[in-house]
Every structure is written in structure tokens, then in C-alpha cells.
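Undergrad: Everything below, folded, please.
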Amino acid sequence: MKIITKKNLNETGFDYEEGNVLLIDKKAGFTSFDVVRKVMKLTRMKVGHAGTLDPYATGLLILCTGRLTKRITEFQEAEKTYTGIIELGKRTPSMDLETEFFEEKGIEGINYENIEEARKSLTGKIMQCPPMYSAIKHKGKALYHYARKGVEIEREEREIEISSFVITSISLPEVHFSIVCSKGTYIRTVADDFGQKLGCGAFLKSLRRTKIGSYSVDDALSIDDLKEYFNLLKQQGN
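TA: This next block holds a predicted model:
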């Protein structure tokens, strides 16, 4: 299995027969499918991704091309590592910056002990309700289509596991964190639940995925790296 990183792109190249695994560092403002489409256009190969990142999030996307798209589930099952910022005192329908604030509360009285108690309650195996602003399907349509029309769909809670939830710094109203979690965990929901437990509300201000299993964003390519690589191939007549 050929894994393409920013360190070996020029040496390894693309295997158009068997396919490739690409580590991509997604920029904010792009959907995961935007990245897939860009890579499809550059490589002219079938492409799939192993785990969605929200548009405002950045970080590691693993893409599989060609025949290796059949192995996407291997990467989807791996633990994910994230860093980010939760801002206390405000809530949004999407639980991040995609939508406007609908609730604001003061954070007077919030202290380290409160924050540590909330963190502990959201660590380990817990039940989580998927957000309305998600790609989960209901009657063939993603939930976010209903959410944008103001329609609430009943969702079932499901068990997820947060194996590590570390508060890396506190500068109220911001709480910086690092989380290692199982497949299917919504960090936006963690942020909203965190605020609910503190009684002041909260939203996810920023998010970056740094690892999927043992693969790190430090080794990932940017879309610009890929464009430069394919432009160079054209110049060389390949």
C-alpha cells in the first residue's frame, strides 16, 4: 500500500494501477468533498475520504484512490486526535461558527474546578446525540438540510469513547483542549455538552485534526503541493 506524504511525493509518485493513500492537510472553508473533488480533478482517479471534517475545521484527511478506496474503512475505524478551542458563554444551532448565536450567558463563577469536573464527565465511554448539522441521513437527505429549514429530526444517542480529554490552557472565555476519540465522535457536540454541564453554554470556536491512528498531519500534503506536483509533470511532458 503506497502512502503519499509531503516528504515522499516526488520520489513515490502515483500508482495508477493499484491506487494510493494520500495524507492531506485540509484548509478551513473547504468541505471534505471539496478536497475529494480537487484531488479527483488532479489525479483523474476514483477518490474517497476516510472521515469527514467540517468546513471550518482544518487538519488531516486521509484519501484513498483507485482500488484502495475499498480499504477506506480500515482508516475510518482508527482513533482520531484533535486540538481546538471551546468558547464559553454562547451557543449556536450548529455548535460551531457556521451559524449565528442564539443564546448568551455570563461566565461569572466558572473556575478550574468546574471545568475539570465537566471534562471528567465527558471522558471515557459516553452516550452522544449526533447534531442536526451533520451529514447523517434521514429519508435519504442529510440532517443539515432539515436543520437549515428549521426542522428538528429525532436522533438516537449512540455510544462513543473519548479515551483522552486534556485541557491544555484556559483563558476565559476560551478553553483550549486536546481530545483522542473513537469513530463517530462529534467534537462540536462535546463542546455544546461541555457548556451545558457548566451551565453557561459553549460552542466550538476552532478545530484541527492532528492524527488518524498513527498517521499525523505533520506528514500531510496541501492541495497546493499536489497542484505544484502535477503542474511540474505537465511541464516535463508526463
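Undergrad: C-alpha from now on. contacts and neighbour counts both.
TA: Fine.
Undergrad: gap between K38 and T73?
TA: Computed as C-alpha to C-alpha, to the nearest Å, the K38 to T73 distance reads 22 Å.
Undergrad: ok, for R71, nearest residue in space, not its chain neighbours?
TA: Leaving aside its chain neighbours, R71 sits nearest to C64 (7.7 Å; criterion: C-alpha to C-alpha, 6 or more residues apart in numbering).
Undergrad: Render the CA-only coordinates of the host helix or strand of that neighbour in PDB, please.
TA: In this assignment (DSSP states H and E), C64 forms part of strand 58-65. Provided in PDB are the C-alpha atoms of strand 58-65 (Å, rounded to 0.1, in the frame of the first residue of the first chain):
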ATOM      1  CA  THR A  58      -8.600  22.000   9.500                       C
ATOM      2  CA  GLY A  59      -6.200  19.100   9.500                       C
ATOM      3  CA  LEU A  60      -5.700  15.600   8.500                       C
ATOM      4  CA  LEU A  61      -7.900  13.900   5.800                       C
ATOM      5  CA  ILE A  62      -6.900  10.500   4.600                       C
ATOM      6  CA  LEU A  63      -7.800  10.000   0.900                       C
ATOM      7  CA  CYS A  64      -7.700   6.700  -0.900                       C
ATOM      8  CA  THR A  65      -7.500   6.500  -4.700                       C
END
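Undergrad: Now do that strand: distance to the chain's middle.
TA: Here strand 58-65 is found 10 Å from its chain centre; the criterion is C-alpha atoms, centre = their mean, to the nearest Å.
Undergrad: Tell me the strands beside that strand, with direction?
TA: Strand 58-65 pairs in its sheet with strand 21-26 (antiparallel), strand 47-49 (antiparallel), strand 202-212 (parallel), by DSSP bridges.
Undergrad: Please parse the chain into its domains.
TA: The chain breaks down into these domains under automatic domain parsing: 3-77+214-235, 80-212.
Undergrad: can I get the ones you listed in TSV with mean neighbour count and mean pLDDT?
TA: Formatted as TSV, the domains of the chain follow (neighbours: other C-alpha atoms under 10 Å; pLDDT from 0 to 100):
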stretch	mean neighbour count	mean pLDDT
domain 3-77+214-235	18	90
domain 80-212	18	93
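Undergrad: quick one on the thing from earlier: what helices and strands are in contact with the helix or strand just after the strand holding C64?
TA: Using DSSP H and E, the helix or strand that follows strand 58-65 in sequence is helix 72-76. Counting contacts by 3 or more C-alpha pairs under 8 Å, 6 or more residues apart in numbering; DSSP states H and E, helix 72-76 packs against strand 58-65.
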